[in-house]
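1. sequence and predicted structure below; questions after.
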Amino acid sequence: MIRVIIEREIAEGLEQFYESAIADLLDVMAKAPGYVSGESSVEIHRPNRYVVFTRWTDEAAWNRWFQSSERQKLLDAIRPFLQKEEKFTLLRQLISHRDKWGD
């Protein structure tokens, strides 16, 4: 299992358009082979900075999605809102811990 963190900075004033487009991207990504889960978050004190957290069965599954025509088409829809290029971080789990609420 791997995690992929995608960081995006959106041009100010275009956040609402980005949020609409990213919902579509996450819906399509959820159907990709090897996709486990994902969520999109916005930084509290910088409302134009977004971070997407996804989990994949393995790096090969992520790479297939990353290079897919579906992702490229959806990325074309959000590219006009990006202030700079996306940043990607791929992580493998080292240690796991669960709190008393199961989060």
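-> Thanks, I have the structure now. Numbering: from 1, shown residues only.
2. what is the burial count for the nearest residue to T57 once chain neighbours are set aside?
-> Excluding the flanking residues, the one nearest T57 by Cβ to Cβ, 6 or more residues apart in numbering is G34, at 4.3 Å. C-beta here means a position set from N, CA and C on the backbone, and glycine is covered the same way. Using other Cβ atoms under 10 Å, G34 is surrounded by 16 other residues.
3. check the one 4 residues further on too.
-> Counted with other Cβ under 10 Å, the burial measure for G38 works out to 17 neighbours.
4. ok, now D76?
-> 10.
5. ok, the residue nearest to T57 to T54 distance?
-> According to Cβ to Cβ, to the nearest Å, G34 stands 10 Å off from T54.
6. ok, now E86?
-> E86 is 13 Å from T54, by Cβ to Cβ.
7. name the residues contacting each of those two.
-> Common neighbours of E86 and T54 (criterion: Cβ atoms under 8 Å, 6 or more residues apart in numbering): I6.
8. between these two, which is the more surrounded one?
-> The neighbour count for E86 versus T54, taken as other Cβ under 10 Å, is higher for T54 (21 against 14).
9. pretty sure that one contacts L25?
-> No. T54 is beyond contact range of L25, at 10.8 Å (criterion: Cβ atoms under 8 Å).
10. show me what counts as buried in the strand or helix carrying V36.
-> Assigned by DSSP states H and E, V36 falls within strand 35-42. Neighbour counts over strand 35-42 (16 or more other Cβ atoms under 10 Å) mark Y35, G38, S40 as buried.
11. got it, and stretch 17-26?
-> So for stretch 17-26, counting by 16+ other Cβ under 10 Å, buried means Y18, A21, I22, L25.
12. now the last one, nearest residue through space, not along the chain?
-> Spelled out, that is L25. L74 (4.3 Å).
13. Validate this expectation: that neighbour resides in a helix.
-> Yes. Under DSSP: H, G, I helix; E, B strand; the rest coil, L74 sits within a helix.
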